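Asks: A structural model of the following input is requested.
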Amino acid sequence: MEIEIRRAEPEDGRPVGDLFIAARAQMTYLPHVHTDEETREFFARVVVVQQETWVAESERAVAGFGALTDELLEHLYVHPDHQGRGIGTLLLEHAKRRRPRGIKLWLFQQNDGARRFYERHGFRLVELTDGAGNMERVPDALYEWLPDTAAA
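Replies: Model (predicted):
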């Protein structure tokens, strides 16, 4: 299986939205705040166009994506059919290269798999919240990765 990471193009918006919907469907603890069509439109009009979004392609299909702003990894999702194949790691390593001074990200506290994934890749827990600051109103956690400056 060959994976290509490339910058998202406008026509990737809907497939990226579909991937987000599929990945979030596994997070049964999350309330649905938007319709699927609203979600697809958001990814097509906002995420892919206004954020630095990268897709991981496998066999010409979007298998995962990551979206960056100045200091945040806003999104990193891998389609459920492609999880466990190293795609998330490839996207995360790409994001680290794009933000060599460090990255922060928010995730839901109940997402144990994501927490283990990011901790394995050098992120540390910075803050836990009750979820009042996110639209789902679900407790979340702020993580941060900083480059290893000890070797410098």
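
Asks: got the contact list for the residue nearest the centre of the chain?
Replies: In the chain, the C-alpha closest to the average C-alpha coordinate belongs to Leu76, at a distance of 1.4 Å (Cα atoms, centre = their mean). Taking Cβ atoms under 8 Å, 6 or more residues apart in numbering, we find Leu76 in contact with Gly64, Phe65, Gly66, Ala67, Gly88, Leu91, Leu92, Ala95, Leu105. C-beta coordinates here come from the backbone N, C-alpha and C atoms, glycine included.

Asks: His79 now?
Replies: By Cβ under 8 Å, 6+ apart, the contact list for His79 reads Leu19, Ala22, Ala23, Val62, Ala63, Gly64.

Asks: dump those to CSV, plus pLDDT, distance to Arg7 and secondary structure.
Replies: Output for the contacts of His79, formatted as CSV (pLDDT from 0 to 100; distance: Cβ to Cβ, whole Å; DSSP: H, G, I helix; E, B strand; the rest coil):
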residue, pLDDT, distance to Arg7, secondary structure
Leu19, 98, 16, helix
Ala22, 97, 22, helix
Ala23, 97, 20, helix
Val62, 96, 12, strand
Ala63, 97, 16, strand
Gly64, 98, 14, strand
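
Asks: weed out the non-buried ones from these.
Replies: Buried residues within those, defined by neighbour count using 16 or more other Cβ atoms under 10 Å: Leu19, Ala23, Val62, Ala63, Gly64.

Asks: what sits against the second one?
Replies: Contacts of Ala23 were listed using Cβ under 8 Å, 6+ apart, and they are Tyr77, Val78, His79, Pro80.

Asks: so what's the backbone phi/psi at Val138?
Replies: Torsion angles at Val138 (phi, psi; degrees, to the nearest 10) stand at phi -120, psi 130.

Asks: 4 is where my numbering starts, stick with that
Replies: Sounds good: first residue 4 from here, last item Val141.

Asks: let's see if you can find the most crowded of the contacts of Leu79.
Replies: Phe68 (29 neighbours; other Cβ atoms under 10 Å).

Asks: backbone phi and psi for it, please?
Replies: Phe68 adopts backbone torsions of phi -160, psi 160, taken as degrees, to the nearest 10.

Asks: and the gap between it and Pro103?
Replies: Distance, Phe68 to Pro103, using Cβ to Cβ, to the nearest Å: 20 Å.
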